[in-house]
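Asks: Provide a 3D model corresponding to the input given below.
(one chain, ligands or ions: 1)
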Amino acid sequence: MTLPHPLPEQDPELTTFNALRVGVFDSGLGGLSMMAALRHSLPGATFHYVADSGHAPYGERDDAFILARCEAITQALLDMGADMIVVACNTATAVAIRELRHAWPRLPFIGVEPGIKPAITLSPSGRIGVLATPMTLASAKFRSLVDAHAAGMALTLQPCPGLAAEIEKGALDSPALRGLVQRFSAPLLQADVDTAVLGCTHYPLIRPLFEAALPGVRLVDTSGAVARHARRLAQVLVHTGERSAAADAADLTLWTTGDPMHLQSVARQWLDAPTLRARALGD
Ligand code: DGL
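Replies: Residues are numbered from 1 along each chain as shown. Below is the predicted model of the structure:
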């Protein structure tokens, strides 16, 4: 199993998250790259993970489509009793999280965004690459992130059309994937970046390919930071008693609008959980 980098530190004020139900979703398999950190940060919580693989990739869809999918999945997770939702997808966060928060004002949503802030802290030269979907890089939310934290910096923004779709196929070391990773890494090498942000949750699933294509470049993904944030929010929910009454039998249930066997086989490898099962979720 490849663990997120870095693993979140457990804070000393321990809270048990028994009976807290956490909904997590992504356009597909990508959000699995956050599950190890989330489970580590929220011991005792139960998770329902929705992979919208029947409608992936989001990164080349329009806003209205992505928003409609996010709303439908949020409703499905609420029907399962979710107390909080992790939008484990940079694209969905960029396009839809404001509207989701507006539609469900009492439901805590945690989004993910490309790790520009940690990259700035980590980069000695300030030459930073950002790899993400075309929709994320074109979004107003991403532009404000750059304006707020990296105005005037030498960022190399690299959209990666087709990469999430190729990762969705599940062969995480295929020649096709290697080719795409090399193609999208070339401009970053050209710009001599020392730090590269994996700005799509699918990309940490193929971290070894990026490590090979970008030797010596520090790779940043935000699963640890997001999991720490989820823990802080969960502590508030537990202290205020705002959570489901009953715990689920399984600590992680996987749902997909695509092929359950496919999700199951990738999740079993990635999460090192050989008995994990996935179920079908209707549209
Ligand atoms: N995993 C998603 C993200 O973090 C999107 C991939 C896609 O569906 O295009 O952006």
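
Asks: CA only for contacts and neighbour counts going forward, please
Replies: OK.

Asks: now residue 31. Its backbone dihedrals?
Replies: phi -60, psi -20 (degrees, to the nearest 10).

Asks: name the nearest residue to it, ignoring sequence neighbours.
Replies: residue 88 (4.9 Å; Cα to Cα, 6 or more residues apart in numbering).

Asks: OK, contacts around that neighbour?
Replies: 24-26, 30-31, 34, 111-112, 201 (Cα atoms under 8 Å, 6 or more residues apart in numbering).

Asks: export these as TSV, with columns for pLDDT and neighbour count.
Replies: Formatted as TSV, these follow (pLDDT from 0 to 100; neighbours: other Cα atoms under 10 Å):
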residue	pLDDT	neighbour count
24	98	28
25	98	27
26	98	29
30	97	24
31	97	26
34	97	26
111	98	21
112	98	23
201	98	28
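
Asks: these in strands, which ones?
Replies: Of the positions in the contacts of residue 88, 24-26 sit in strands, assigned by DSSP state E.

Asks: the ligand contacts on the stretch 101-250 of the chain?
Replies: Selection of the stretch 101-250 of the chain residues close to the ligand by Cα under 6 Å from any ligand atom yields 133, 164, 200-202.

Asks: from these, pick the one nearest residue 211.
Replies: Taking Cα to Cα as the measure, residue 211 lies nearest residue 202 of those, at 14.9 Å.

Asks: quick one, what contacts the closest one?
Replies: So residue 202 contacts 29-31, 33, 164, 167 (Cα under 8 Å, 6+ apart).

Asks: again with residue 89
Replies: Going by Cα under 8 Å, 6+ apart, the list of residues near residue 89 reads 25-27, 30-31, 111-112, 200-201.

Asks: so which strand or helix has residue 178?
Replies: helix 175-190 (DSSP states H and E).

Asks: can you show me the CA trace of that helix as PDB?
Replies: Only the C-alpha atoms of helix 175-190 are listed here, as PDB (Å, rounded to 0.1, in the frame of the first residue of the first chain):
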ATOM      1  CA  PRO A 175       2.400   2.100 -21.100                       C
ATOM      2  CA  ALA A 176      -0.400   4.500 -22.000                       C
ATOM      3  CA  LEU A 177      -0.300   6.000 -18.600                       C
ATOM      4  CA  ARG A 178       3.500   6.200 -18.600                       C
ATOM      5  CA  GLY A 179       3.300   8.000 -22.000                       C
ATOM      6  CA  LEU A 180       0.800  10.600 -20.700                       C
ATOM      7  CA  VAL A 181       2.800  11.200 -17.500                       C
ATOM      8  CA  GLN A 182       5.900  11.800 -19.600                       C
ATOM      9  CA  ARG A 183       4.100  14.200 -21.900                       C
ATOM     10  CA  PHE A 184       2.600  16.200 -19.100                       C
ATOM     11  CA  SER A 185       5.800  16.300 -17.100                       C
ATOM     12  CA  ALA A 186       7.900  17.600 -20.000                       C
ATOM     13  CA  PRO A 187       6.900  21.300 -19.600                       C
ATOM     14  CA  LEU A 188       7.700  21.100 -15.900                       C
ATOM     15  CA  LEU A 189      11.200  19.700 -16.600                       C
ATOM     16  CA  GLN A 190      11.600  22.400 -19.200                       C
END
